[in-house]
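Enquirer: Pasting the sequence and the predicted coordinates here, then a few questions.
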Amino acid sequence: MVELVDTQDLKSCDHCGRAGSSPAPGTKQCECERESENTHAVSQISPAFNTGRQALSLNFMFDFQKLVVYTKAKDFANEVIVFLNQNHFDKSINDQLKRASLSIMLNIAEGSSRFSNKDRRNFLIIARGSAFECVAIFDFLHDNHLIEESFFKKNYDNLEEISKMLFGLISKLEK
């Protein structure tokens with residue numbers, strides 16, 4: 001069956017020139033004007049929710065994003081991903097190192113959402129445990145001559161710094 005289309009429906013919009021975008025019956029706005037109006041209304045709520053052709057700008061941050069230890073943990077996780085993509089270890093080593101490195105930053109983030117210091121502290125303890133896990137994996141790779149001494153030392157030092165920062169936060173939450 002062939003459907004006939006009225007040529008009136010294919011008329012282009014006076015506002016934007018888009019074919020078939022003319023105002024729907026009973027309305028005075030074409031599709032492009034409605035899109036523009038909706039985008040403007042949403043952007044009035046918060047500049048962070050701009051859509052469409054407008055740039056997304058973040059004028060706020062979650063609390064955990066302000067923590068230096070979170071930034072260091074995120075940088076470390078990104079470095080681990082690059083490292084694993086460049087090297088091909090056993091599947092279990094790849095998976096465990098990736099999960100442990102991500103766990104550091106994710107537990108810092110999740111802990112910051114908790115209302116009690118006890119809950120926050122528990123997540124920071126888990127994050128610190130994940131840092132130790134990463135050290136153990138790098139130690140294993142180093143012992144088996146799968147990574148260079150300089151790479152091991154760099155990551156060891158980085159994880160030691162993250163661990164100390166987490167320990168400081170954990171200690172503050174005990175009080």
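Expert: Looks like it came in fine. The shown structure was predicted, so the numbers you read here are calculated from the model rather than taken from an experiment.
Enquirer: Tell me which residues touch the closest residue to Ala100 other than its chain neighbours, please.
Expert: Nearest residue to Ala100 in three dimensions, chain neighbours excluded: Glu133, at 4.2 Å (C-beta to C-beta, 6 or more residues apart in numbering). Glycine gets a C-beta too; all of them are placed from N, C-alpha and C. By C-beta atoms under 8 Å, 6 or more residues apart in numbering, the contact set of Glu133 is 96, 100, 103.
Enquirer: Helix, strand or coil: sort out Glu133 for me.
Expert: Judged by DSSP: H, G, I helix; E, B strand; the rest coil, the three-state class of Glu133 is helix.
Enquirer: a markdown table please, covering the contacts of Glu133 and showing distance to Ile126.
Expert: Output for those, formatted as a markdown table (distance: C-beta to C-beta, whole Å):
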| residue | distance to Ile126 |
| --- | --- |
| Gln96 | 15 |
| Ala100 | 11 |
| Ser103 | 7 |
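Enquirer: So which of these is the closest to Glu160?
Expert: Ranked by distance to Glu160 (C-beta to C-beta), the contacts of Glu133 are led by Ala100 at 15.2 Å.
Enquirer: hang on, that closest one packs against Cys134?
Expert: Yes: assessed by C-beta atoms under 8 Å, Ala100 is found in contact with Cys134 at 4.9 Å.
Enquirer: When these two are compared, which one has more neighbours?
Expert: Neighbour count, other C-beta atoms under 10 Å: between Ala100 and Cys134, Cys134 has more, with 25 against 20.
Enquirer: which residues does that one contact?
Expert: Residues near Cys134 by C-beta under 8 Å, 6+ apart: 76, 80, 97, 100-101, 104, 155, 159.
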